[in-house]
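In: how would this look folded up:
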Amino acid sequence: MHIAIAGNIGAGKTSLTELLAKHYNWEPHFEDVIDNPYLDDFYTHMERWSFNLQIYFLKSRFNQLLKFSEQKKTIIQDRTIYEDAHIFAPNLNAMGLMNQRDFNNYLELFELMESLIKGPDLLIYLRSSIPNLVNKIHKRGREYETNISIDYLSRLNERYEAWVSKYDKELIIIDVDSLDFVENKKDLDSIISQIDPKLKSIS
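Out: Residues are numbered from 1 along each chain as shown. Here you go, the predicted structure:
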């Protein structure tokens, strides 16, 4: 099976991926932020580096998906290729931070890749308010994220909600504002109790 966790920057995707991988003995796959050569530059000068960054993420996630198809273990993935194409890239285009020519090029490449891949068996969407996202981003202290604006996060949140409202496959929505699944085992157990019935239905 392929399980994926979706959500805005700071929603807790990586932490939940780690915890669920440990609980279910799944193989975790994470977003490439450590070795990503464009993140620092992007958050300093979004308009200049937006296309480069999105192409890098597209390549990285497509490569992940190709590897998933060769494995027999259950995979849990931190963020999907669909979020890049339906949320991040369109948002950059709408904000004037990715020009139309580059955006069209990006979409054509995504559509080509999409024809060769299969989506996740289960998507877990972490819904979060902007104050909670800002608090989590500041708390984890990644230097390149200090320039993220509230307007940027808000636009992403709106696109996430629009995308999820039309998502027609297996989906769990978790409101994370009142949860601390890292420090509070009861909160993690409440998430697991939502996942278990879905796993039975898709296995």
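In: Just list what the longest helix along the chain packs against, helices and strands only.
Out: With secondary structure taken from DSSP state H, the chain has its longest helix at helix 46-68. If you count contacts as 3 or more Cβ pairs under 8 Å, 6 or more residues apart in numbering; DSSP states H and E, helix 46-68 packs onto helix 39-44, strand 75-78, helix 81-83, helix 89-94, helix 100-114. C-beta: built from backbone N, CA, C; applies to glycine.
In: Give me the distance between the residue nearest in space to the middle of the chain and N104.
Out: Centroid-nearest residue in the chain, with Cα atoms, centre = their mean: R79, separated by 2.6 Å. Taking Cβ to Cβ, to the nearest Å as the measure, R79 falls 23 Å from N104.
In: Output the lowest-mean-pLDDT helix or strand in the chain as PDB, restricted to C-alpha atoms.
Out: Least confident helix or strand of the chain, by mean pLDDT, DSSP states H and E, is helix 39-44 with a mean of 87. Written as PDB, here are the backbone C-alpha positions of helix 39-44 (Å, rounded to 0.1, in the frame of the first residue of the first chain):
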ATOM      1  CA  LEU A  39      15.000  26.200  -0.900                       C
ATOM      2  CA  ASP A  40      17.200  28.900   0.600                       C
ATOM      3  CA  ASP A  41      17.300  30.900  -2.700                       C
ATOM      4  CA  PHE A  42      13.500  30.500  -3.200                       C
ATOM      5  CA  TYR A  43      12.500  32.000   0.100                       C
ATOM      6  CA  THR A  44      14.900  34.900  -0.400                       C
END
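In: Out of the helices and strands packed on helix 46-68, flag the one nearest D187.
Out: Of all these, strand 75-78 sits nearest to D187, with 18.1 Å by Cβ to Cβ.
In: rewinding a little: pretty sure the residue nearest to the centre of the chain is touching I5, no?
Out: Yes - if you go by Cβ atoms under 8 Å, R79 and I5 touch, sitting 7.0 Å apart.
In: residues in contact with the residue of the chain most remote from its centre?
Out: Largest separation from the mean C-alpha position in the chain: R101, at 24.8 Å (Cα atoms, centre = their mean). Contact analysis of R101 by Cβ atoms under 8 Å, 6 or more residues apart in numbering lists nothing.
In: now it: how far from Y56?
Out: For R101, the distance to Y56 - Cβ to Cβ - is 18 Å.
In: and A85, that's in a helix?
Out: Yes - with DSSP: H, G, I helix; E, B strand; the rest coil as the criterion, A85 is assigned to a helix.
In: nearest spatial neighbour of it, skipping sequence neighbours?
Out: F110 (4.4 Å; Cβ to Cβ, 6 or more residues apart in numbering).
In: how about that neighbour, what does it touch?
Out: Neighbours of F110 in contact, by Cβ under 8 Å, 6+ apart: L58, I81, D84, A85, A89.
In: re the thing from before, I'd like to know which of the helices and strands packed on helix 46-68 lies nearest to D168.
Out: So among the helices and strands packed on helix 46-68, helix 81-83 is nearest, using Cβ to Cβ, at 12.3 Å.
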